[in-house]
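Asks: Please find the sequence and the predicted model below.
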There are 2 protein chains.
Amino acid sequence: MKDKRHLKQELYNLFARVANAMSNPHRLELLDLLVQAPRTVEELAREANLSIANTSQHLQRLKQARLVLDEREGVYIRYYLADPAVARLWLELRCVAAQQLAEVEHTLDAYRNRRHAFETISADELRARIRTQKIVLLDVRPTVEYKAAHLPDAVSIPLDELEERLNELPKRKTIVAYCRGPFCVYADQALERLAALGWKVARLEEGVAEWQLAGLPLEA
Amino acid sequence: MKDKRHLKQELYNLFARVANAMSNPHRLELLDLLVQAPRTVEELAREANLSIANTSQHLQRLKQARLVLDEREGVYIRYYLADPAVARLWLELRCVAAQQLAEVEHTLDAYRNRRHAFETISADELRARIRTQKIVLLDVRPTVEYKAAHLPDAVSIPLDELEERLNELPKRKTIVAYCRGPFCVYADQALERLAALGWKVARLEEGVAEWQLAGLPLEA
DNA sequence: TTAATATTCAATAGAATACTTGAATATTAA
DNA sequence: TTAATATTCAAGTATTCTATTGAATATTAA
């Protein structure tokens, strides 16, 4: 009975190992990117603004904790989320932090300074209005992410192609943009430009991960 | 646009801070205890087998991350979970670890070596059978935890009082025991004794946290 | 006030972590 | 085979984390 204590400790060790893998901001950013789409080390390093070696090491810690898996693809190695449950855990962590740490709200307001500038539309309302054909749902994430998974009926125009492809957006419809989720500014930036050019706009705060967590369908 | 990067980093820092608070096995054990019921530093130290000073320091890290709060009660200071969302995060972490790390299953089998010895009963089945009055639902956790919250119609007999209070359990009914959840051995130990004495027994794997997460009602 | 007690603080040593650099490995294409 | 490239490994250093110890603080009871 008494010697069981170390087994209990061992269990807590294992749980702590997973939390430990998530206890570094860079690793969380990598996870966050992988929630959107699988990527190679080089891509992840570029997007997270890290050195290749450092990125590789962080990825290996995520892999040891079984949060991500990797797969060789020719000369590249592609990392991807080990399980949808990992995305859920990451969303839950963000949710607790946002709920409990007032600094999150403050920092988010500074980061997404256009955050309150546009009408926001709920997932339910979106589903209702998309049927009436009065809106266009716009996915402004990079193409790889759109290809990995996107919301039903969403049109893809990555943020950095928006300027050249404005003609694809009908003037008389409301443009509802979304991106990686409530902690991403891509949609805000797209909407700011579109609003200045005369479109009626609205933002969907949810990204594909939140959408999926809510049990709503995705397209691949 | 470019100087926003540090704001994004700041957000990831905040999220990582929460994960960091959960990245130590002792802190997870303290959290786990607090999910069951609020407790003083001394109680937590005793139950987690830590020195007082060490416990205090760990609790302060949990408090900094806003996972727990404290409240002075005379000469004692009582710690409690900051929010039910924290319990959800902890359950989600355990779930991911159990799902992804094979070692968790192995260690759990060693820790709960009677794990597969008894019939297990699902929450749904319990709710159905408790109406027919053919079972007694037995909460074997310490009294403070039972008082903090317990399942509807549950009878409290803490594990260490079981021997003296056997007469409170009707012989002709099936005893369904539960404790802190799937990673706790209290119920197994109670059932082992009861089965040896001739009761029909079954185990409910869920604890109050899992029960609550499933949206089921609790009693206080 | 004073004594007793619960908790926190401060200082320390030893372990783990993060990032950089340059070398090593593995695959593809020539 | 060889060269080129993506990724990992290894070593070193600065930083952070953990547990212990003993002192400091805050509350209650005398």
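Replies: Nice, thanks for sending it over.

Asks: Kindly provide the distance from A:V208 to DNA strand D.
Replies: In this view, A:V208 and DNA strand D are 23 Å apart by CB to the nearest atom of the strand, to the nearest Å. Just so you know, the C-beta spots here come from the backbone N, C-alpha and C atoms, and that holds for glycine as well.

Asks: now that residue, nearest residue through space, not along the chain?
Replies: Using CB to CB, 6 or more residues apart in numbering or on different chains and skipping residues adjacent in sequence, the residue nearest A:V208 is A:A149, 5.2 Å away.

Asks: What of A:R114?
Replies: Nearest non-adjacent residue to A:R114 (CB to CB, 6+ apart): A:D188, at 4.4 Å.

Asks: List the buried residues of the strand or helix carrying the one you found.
Replies: For A:D188, the host element (DSSP states H and E) is helix A:186-196. For helix A:186-196, the neighbour count (16 or more other CB atoms under 10 Å in any protein chain shown) marks A:186-192, A:194-195 as buried.

Asks: Make CSV from those residues and add distance to A:V201 and pLDDT to it.
Replies: Putting the buried residues of helix A:186-196 into CSV (distance: CB to CB, whole Å; pLDDT from 0 to 100) gives the following:
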residue, distance to A:V201, pLDDT
A:Y186, 14, 96
A:A187, 9, 97
A:D188, 10, 96
A:Q189, 12, 96
A:A190, 8, 96
A:L191, 5, 96
A:E192, 9, 95
A:L194, 5, 96
A:A195, 5, 95
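
Asks: Need these in JSON lines (columns: distance to B:P142).
Replies: Compiled in JSON lines, the buried residues of helix A:186-196 are given as follows (distance: CB to CB, whole Å):
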{"residue": "A:Y186", "distance to B:P142": "51"}
{"residue": "A:A187", "distance to B:P142": "50"}
{"residue": "A:D188", "distance to B:P142": "50"}
{"residue": "A:Q189", "distance to B:P142": "54"}
{"residue": "A:A190", "distance to B:P142": "55"}
{"residue": "A:L191", "distance to B:P142": "54"}
{"residue": "A:E192", "distance to B:P142": "57"}
{"residue": "A:L194", "distance to B:P142": "60"}
{"residue": "A:A195", "distance to B:P142": "59"}
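
Asks: out of these, who's nearest chain B?
Replies: Of all the buried residues of helix A:186-196, A:Q189 has the smallest distance to chain B: 8.3 Å, by CB to the nearest CB.

Asks: Which residue is the nearest non-sequential neighbour of that closest one?
Replies: Excluding the flanking residues, the one nearest A:Q189 by CB to CB, 6+ apart is A:L159, at 6.1 Å.

Asks: isn't A:T120 right up against A:A202?
Replies: Yes: with contact defined as CB atoms under 8 Å, A:T120 counts as touching A:A202 (6.7 Å).

Asks: middle-most residue in chain A, spatially?
Replies: What sits nearest the mean C-alpha location of chain A, by CA atoms, centre = their mean, is A:R180, with 3.6 Å.

Asks: show me the contacts for the nearest residue to it once chain neighbours are set aside.
Replies: Nearest residue to A:R180, sequence neighbours excluded (CB to CB, 6+ apart): A:G207, at 4.7 Å. If you count contacts by CB atoms under 8 Å, 6 or more residues apart in numbering or on different chains, A:G207 has them with A:36, A:178-182, A:184.

Asks: Next step: those residues restricted to helices.
Replies: The helices, defined by DSSP state H, take in A:Q36 from those.

Asks: out of the contacts of A:G207, which is most surrounded?
Replies: A:Y178 (30 neighbours; other CB atoms under 10 Å in any protein chain shown).

Asks: Mind checking if the helix or strand hosting A:V144 is in reach of DNA strand D?
Replies: A:V144 is located in helix A:143-148, with elements delineated by DSSP H and E. No: Helix A:143-148 does not reach DNA strand D (CB under 7 Å from any atom of the strand); its nearest approach is 13.7 Å.

Asks: Of all the residues in that helix, which ones are buried?
Replies: So for helix A:143-148, counting by 16+ other CB under 10 Å, buried means A:145-146, A:148.

Asks: now what about stretch A:97-110, what contacts it?
Replies: By CB under 8 Å, 6+ apart, the list of residues contacting stretch A:97-110 from outside reads A:115, A:182-183, B:7, B:10-11, B:14-15, B:17-18, B:65-67, B:82-83, B:85-86.

Asks: now the residues you listed: which count as buried?
Replies: A:115, A:182-183, B:7, B:10-11, B:14-15, B:17-18, B:65-67, B:82, B:85-86.

Asks: centre of the chain versus the least confident helix or strand in chain A by mean pLDDT, how much separation?
Replies: Lowest by mean pLDDT, DSSP states H and E among the helices and strands of chain A is helix A:123-131, with a mean of 87. Helix A:123-131 has its C-alpha centroid displaced from the chain centroid by 21 Å (CA atoms, centre = their mean, to the nearest Å).

Asks: If you compare the directions of the helix or strand just after that helix and helix A:186-196, what angle comes out?
Replies: Next helix or strand after helix A:123-131 toward the C-terminus (DSSP H and E): strand A:135-139. On the basis of axes from the mean of the first three to the mean of the last three CA atoms, to 10 degrees, strand A:135-139 is oriented at 140 degrees to helix A:186-196.

Asks: other SSEs contacting strand A:135-139?
Replies: Helices and strands touching strand A:135-139, by 3 or more CB pairs under 8 Å, 6 or more residues apart in numbering or on different chains; DSSP states H and E, are helix A:123-131, strand A:155-156, strand A:174-178.

Asks: May I see the buried residues of the longest one?
Replies: Looking back up the chat, that one is helix A:123-131. Judged by neighbour count using 16+ other CB under 10 Å, the buried positions of helix A:123-131 are A:123, A:126, A:129-130.
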